[in-house]
Structure formats: structure tokens, C-alpha cells
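Visitor: coordinates only, no sequence provided:
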């Protein structure tokens, strides 16, 4: 039995469809726990289009991959808009490397995020990642944990 906050049906469907054959891989998903009525739920709060590869004219394939990942990393690690404080959230994105790609599930929880929030997100991460197919999970508390080279090495370790 899963503990933690449950996914909305819409979030579960978007996660299940992410990365399936024929689906776009030029966007990433950001998820967070929000109040819906009287209960908390995990909701997709953003389906963010990545910058298109052809807009990086003059860069090598590796440099483009790093730039695409950096945009995702910045979105996942952004501070809470309302409070300006560090927060927790989940992200799902493709990581491109060496002519390969891998779906990556990120559980971001900065070490200065409120303790209660860290506990809730930690107990919820399994129910969020359950619908994802063939992915690598990265748990991060510092931006350095999400740097492109660190993530690629983690993917390669399997």
C-alpha cells in the first residue's frame, strides 16, 4: 500500500503517457503537492516545452544536451514563488547523452525546505514514480546533485 499523498487521475495519466511511443519528448513535467478542496493531492503543475534543438545553432550535440538539461534543472530547483523559500517537488524529463536518452524521475528536496514538507514529499515519491515506465530515479537536495554530468554518470551505473 502506498503512503503519502495520492496523484490526481489527470497527473497519473500524464505520467503514464510520458515517454510512450509517439508522445512528444520535447517537454518535461513538474509536479507538486497542492490543496484541492479539503485534501492534498499531487498534481502536474507544469508541462513545460523545452527549447527546440535547432535553436542551439553552432553548439555540439553534447553542449545542446547540457543546455536542455540545465533548463529542466533550473525549473525543478526553483524556489517557491509565493514564499521565496526552498521547496520540494518532482520532475520527469528525458536526459540525452551519447546518442541515447533515458527518462529521469527527479525527487527534489532542498535540505533547507521545511521538515514537514520534506517528510510528506519523501513518503509520496513512490506513488508518483510508480506509473513511470523504464526510468532512472535521482534524489537531490543540492543543485550539484542534478548537474548534467552527475546525472549521466548515475544513468550509466544503472
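Guide: Perfect, I can see it now. Note that the coordinates shown come from a computational prediction; the quantities given were computed from them, not determined experimentally. Numbering: from 1, shown residues only.

Visitor: what's the biggest helix in the chain, counting residues?
Guide: Secondary structure of the chain per DSSP state H: the longest helix is helix 61-77.

Visitor: quick check: mean pLDDT across stretch 65-78?
Guide: For stretch 65-78, the mean pLDDT works out to 89.

Visitor: contacting residues around that stretch?
Guide: For stretch 65-78, the surrounding residues in contact (Cβ atoms under 8 Å, 6 or more residues apart in numbering) are 28, 30, 46, 48, 50-51, 53, 56, 59, 89, 91, 93, 95-97, 106, 108, 110, 140, 143, 146-148, 151. Bear in mind the C-beta positions are built from the backbone N, C-alpha and C, glycine included.

Visitor: mind giving me the ChimeraX command for buried ones among those residues?
Guide: Applying 16 or more other Cβ atoms under 10 Å to the contacts of stretch 65-78, the buried members can be selected in ChimeraX as follows:
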select :28,30,50,89,91,93,95,96,97,106,108,110,140,146,147,148,151
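
Visitor: inside strands: which ones of the contacts of stretch 65-78?
Guide: 28, 30, 46, 48, 89, 91, 93, 95-97, 106, 108, 140 (DSSP state E).

Visitor: okay, the residues you listed in a markdown table with distance to residue 126 and pLDDT next?
Guide: Converted to a markdown table, the ones in strands among the contacts of stretch 65-78 look like this (distance: Cβ to Cβ, whole Å; pLDDT from 0 to 100):
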| residue | distance to residue 126 | pLDDT |
| --- | --- | --- |
| 28 | 20 | 87 |
| 30 | 18 | 90 |
| 46 | 22 | 77 |
| 48 | 24 | 69 |
| 89 | 16 | 92 |
| 91 | 16 | 94 |
| 93 | 19 | 91 |
| 95 | 21 | 91 |
| 96 | 26 | 89 |
| 97 | 26 | 92 |
| 106 | 14 | 96 |
| 108 | 16 | 95 |
| 140 | 17 | 95 |
